[in-house]
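Engineer: kindly return the folded structure for what I paste below:
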Amino acid sequence: MGLACAAVLLAGLTGCGNDTQLPQAPSSSPFSTGAVSITQRGNADASIDTSSATFKLDDAGTLVAHLLVRSMAATTLTISIRGSIYDPQHRLIGNVTGGQIDVGPGSTAAVQLTGPTPLGTIASAVFELTAQPSPT
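Structural biologist: Numbers count the residues shown, from 1 in each chain. Below you'll find the predicted structure:
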């Protein structure tokens, strides 16, 4: 019994004082492919300025996408956007959602979309825009 107690005591002492080293999150973003190919789909009478699309991770690791959308409708719209994010092998690695209310006819609106951290390097994104008239 003394040997068993010594083994438990030794195991307990071995665990004391050891710092567990956890891997640190990388300080760089997962976007190393350069330009991201943007495709637009959906029924909204609006278009994305593809050159305006940017992607970054915020401090919490959330994916944040910014883009400009121009309304071509004759009435004020509420635009909803869902983006599917793909890696260089065109595997789905994430998504973002967001939208903008009260986008006036012919006007351009800045839109912020958010989603979980992507599971790879972003190479392309497909954005689906849907719209409905804004209530007045």
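
Engineer: and the helices in this structure?
Structural biologist: 2-15 (DSSP state H).

Engineer: so which residue is dead centre in it?
Structural biologist: Among the residues of the chain, the one closest to the centroid is residue 63, at 2.7 Å (C-alpha atoms, centre = their mean).

Engineer: quick one: contacts for that residue?
Structural biologist: 55-57, 85, 94, 96, 114-118 (C-beta atoms under 8 Å, 6 or more residues apart in numbering). From N, CA and C alone the C-beta is placed, and that goes for glycine too.

Engineer: pLDDT weak spots in the protein?
Structural biologist: 1-33, 136 (pLDDT under 70).

Engineer: rerun that using 80 as the cut-off
Structural biologist: 1-34, 135-136 (pLDDT under 80).

Engineer: which residues pair with the nearest residue to residue 39 once chain neighbours are set aside across the strands?
Structural biologist: Using C-beta to C-beta, 6 or more residues apart in numbering and skipping residues adjacent in sequence, the residue nearest residue 39 is residue 126, 4.6 Å away. Legend: beta-bridge partners of residue 126 under DSSP bridges are residue 39, residue 84.

Engineer: got the buried residues for stretch 74-93?
Structural biologist: Across stretch 74-93, burial judged by 16 or more other C-beta atoms under 10 Å covers 76-87, 93.

Engineer: using PDB, list the CA coordinates for it.
Structural biologist: What follows is stretch 74-93, C-alpha atoms only, in PDB (Å, rounded to 0.1, in the frame of the first residue of the first chain):
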ATOM      1  CA  ALA A  74     -37.400  51.900 -59.200                       C
ATOM      2  CA  THR A  75     -38.300  51.600 -55.500                       C
ATOM      3  CA  THR A  76     -36.500  51.500 -52.200                       C
ATOM      4  CA  LEU A  77     -35.300  47.900 -51.400                       C
ATOM      5  CA  THR A  78     -34.300  45.800 -48.500                       C
ATOM      6  CA  ILE A  79     -31.500  43.600 -49.800                       C
ATOM      7  CA  SER A  80     -30.400  40.300 -48.200                       C
ATOM      8  CA  ILE A  81     -27.100  38.700 -49.100                       C
ATOM      9  CA  ARG A  82     -25.800  35.200 -48.400                       C
ATOM     10  CA  GLY A  83     -22.200  34.400 -49.400                       C
ATOM     11  CA  SER A  84     -20.700  31.000 -49.900                       C
ATOM     12  CA  ILE A  85     -16.900  31.000 -49.500                       C
ATOM     13  CA  TYR A  86     -14.700  28.500 -51.400                       C
ATOM     14  CA  ASP A  87     -11.000  27.500 -51.300                       C
ATOM     15  CA  PRO A  88      -8.700  27.200 -54.400                       C
ATOM     16  CA  GLN A  89     -10.000  23.700 -55.000                       C
ATOM     17  CA  HIS A  90     -13.600  25.100 -55.000                       C
ATOM     18  CA  ARG A  91     -14.500  23.300 -51.700                       C
ATOM     19  CA  LEU A  92     -17.000  25.100 -49.500                       C
ATOM     20  CA  ILE A  93     -15.100  26.500 -46.500                       C
END
